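1. Return a 3D structure for these sequence lines:
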Amino acid sequence: MSRFGDAIAIRRVAEGRYEADLDGGFAIGGALNGGYLMALLARAAVDVSPHAHPVSTAAAFLRVAKAGPAEIHVDTRKTGRTAATSRATLVRDDKPLVEALITTGTLEPGTEPSWAGEPPAPALPPYDQCPDFRSGDERDRGFADQVDMRYDPATMGWLDGQPLGRPEVRAWFEFADPYEPDAYALALAVDALPPVAFNLGFRGWAPTVELTWHMRAVPAPGPLQLHGGGRLLAGGWFDEEVEVWDSAGRMVAQSRQLARVGRPGS
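-> Numbers count the residues shown, from 1 in each chain. Now for the predicted structure:
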């Protein structure tokens, strides 16, 4: 099993109760990535459900989560023939870290959309023309070591102090260890991009407060495309919207989050 597969393993200890070992390899600056935490909650929600996929997740991030043992509590709210809904909470020392309302359903692989809007524009350059922007530093870099992300250079000027002036970031996404995309990979992918506010000249920690994401299709094997954008930055709050497209050219996930941002250039 890959590093990600091991990292999202859960152990059922009672009805609706699970144990997990939070993997510090998915941390950024000591704080675990929100997408990784949502993948863990999704595993537990699917385990108690008769349905196979987390089609809708609305997660509130209450406290910073760090590596170590934790519990997941799942309370079923409704179970139906086409969908089931549960509240899943990540807990440590009796304190909730993340709480999510997760609706599960079953999506058929290979299903083509009955209608779809135009693909996101501009399209990503070919994979081999998108650099990974790694520094060459061999020290443990946490999350950045677990994924293989190749960024559209047109959206990475903020690294050189030349932000784009629009809240956009685009990248190819795969895992560093072989792991074909699935529902849990999508949970991570929707929160894998650098904050789009960086291209408005803001820097520093940008903690997610709430993130809602939808799984729209079972992804085909191969790299994913991530297209991130935003609509408004005001009063230290910004929104970020991400679309995830698979190798078959289908939108397989979409998300929107509300986050805080630091001072310009900080």
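2. So what does residue 177 have for phi and psi?
-> phi -90, psi 150 (degrees, to the nearest 10).
3. Equivalent analysis for residue 197, please.
-> Per degrees, to the nearest 10, the backbone of residue 197 is at phi -60, psi -20.
4. Any chance you could list what contacts stretch 159-170?
-> By CB atoms under 8 Å, 6 or more residues apart in numbering, the list of residues contacting stretch 159-170 from outside reads 124, 133, 151-152, 154-158, 193-201, 225-231, 233, 238, 240. In short, each C-beta sits where N, CA and C put it, glycine included.
5. Make sure residue 39 is indeed in a helix.
-> Yes: counting by DSSP: H, G, I helix; E, B strand; the rest coil, residue 39 is part of a helix.
6. Neighbours of it, how many?
-> Neighbour count of residue 39, defined by other CB atoms under 10 Å: 25.
7. again with residue 40
-> 28.
8. How confident was the prediction at it?
-> The per-residue pLDDT reported for residue 40 equals 98.
9. repeat for residue 119
-> 77.
10. secondary structure class for it?
-> coil.
11. ok, now which ones touch it?
-> Residue 119 is in contact with 245, 249, counting by CB under 8 Å, 6+ apart.
12. just to revisit the earlier point, taking the contacts of stretch 159-170, please make a ChimeraX selection of just the buried ones.
-> Buried residues among the contacts of stretch 159-170 (16 or more other CB atoms under 10 Å), as a ChimeraX selection:
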select :124,151,152,155,156,158,193,194,195,196,197,198,199,200,201,225,226,227,228,229,230,233,238,240
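13. Sketch out the low-pLDDT regions of the stretch 51-200 of the chain for me.
-> 121, 135-140 (pLDDT under 70).
14. So which residues of it form strands?
-> All strands of the stretch 51-200 of the chain, identified by DSSP state E, counting those that start in this stretch, fall at 53-61, 68-79, 84-92, 95-105, 147-151, 169-175.
15. Mind putting those into a markdown table with distance to residue 187?
-> As requested, those are exported to a markdown table (distance: least, CB to CB, whole Å):
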| stretch | distance to residue 187 |
| --- | --- |
| strand 53-61 | 7 |
| strand 68-79 | 14 |
| strand 84-92 | 12 |
| strand 95-105 | 10 |
| strand 147-151 | 13 |
| strand 169-175 | 12 |
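16. Indicate which one of those strands is closest to residue 20.
-> Nearest to residue 20 among the strands of the stretch 51-200 of the chain is strand 68-79 (5.3 Å), distances taken as CB to CB.
17. what does that closest one rub up against?
-> Here strand 68-79 has contacts from 10, 16-22, 40-41, 44-45, 47-50, 84-92, 97, 101, using CB under 8 Å, 6+ apart.
18. Please, a PyMOL command that selects the buried ones among the residues you listed?
-> Here is the PyMOL command that selects the buried residues among the contacts of strand 68-79 (16+ other CB under 10 Å):
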select buried, resi 10+16+18+20+22+40+41+44+45+48+49+84+85+86+87+88+89+90+97+101
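19. Which stretches in the stretch 101-250 of the chain count as helices?
-> For the stretch 101-250 of the chain, applying DSSP state H, counting those that start in this stretch gives helices covering 143-146, 183-189.
20. Columns mean neighbour count and distance to residue 262 on top of those, output as a markdown table?
-> Below are the helices of the stretch 101-250 of the chain laid out as a markdown table (neighbours: other CB atoms under 10 Å; distance: least, CB to CB, whole Å):
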| stretch | mean neighbour count | distance to residue 262 |
| --- | --- | --- |
| helix 143-146 | 18 | 19 |
| helix 183-189 | 26 | 24 |
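21. wait, which of the ones you listed is closest to residue 54?
-> Using CB to CB, those put helix 183-189 closest to residue 54, at 5.7 Å.
22. And that closest one, how far out from the chain middle?
-> Centre-to-centre, helix 183-189 and its host chain are 6 Å apart (CA atoms, centre = their mean, to the nearest Å).
23. Ok, stretch 248-255 next?
-> The answer for stretch 248-255 is 13 Å, by CA atoms, centre = their mean.
24. Can I get it in PDB, CA atoms only?
-> Extracted C-alpha coordinates of stretch 248-255, given in PDB (Å, rounded to 0.1, in the frame of the first residue of the first chain):
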ATOM      1  CA  ALA A 248     -10.600  11.300 -19.300                       C
ATOM      2  CA  GLY A 249     -11.400  15.100 -19.400                       C
ATOM      3  CA  ARG A 250     -14.300  14.900 -16.800                       C
ATOM      4  CA  MET A 251     -14.800  17.100 -13.800                       C
ATOM      5  CA  VAL A 252     -14.700  14.600 -11.000                       C
ATOM      6  CA  ALA A 253     -14.700  17.000  -7.900                       C
ATOM      7  CA  GLN A 254     -15.500  20.600  -7.100                       C
ATOM      8  CA  SER A 255     -15.000  22.500  -3.900                       C
END
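25. Alright, calling it a day.
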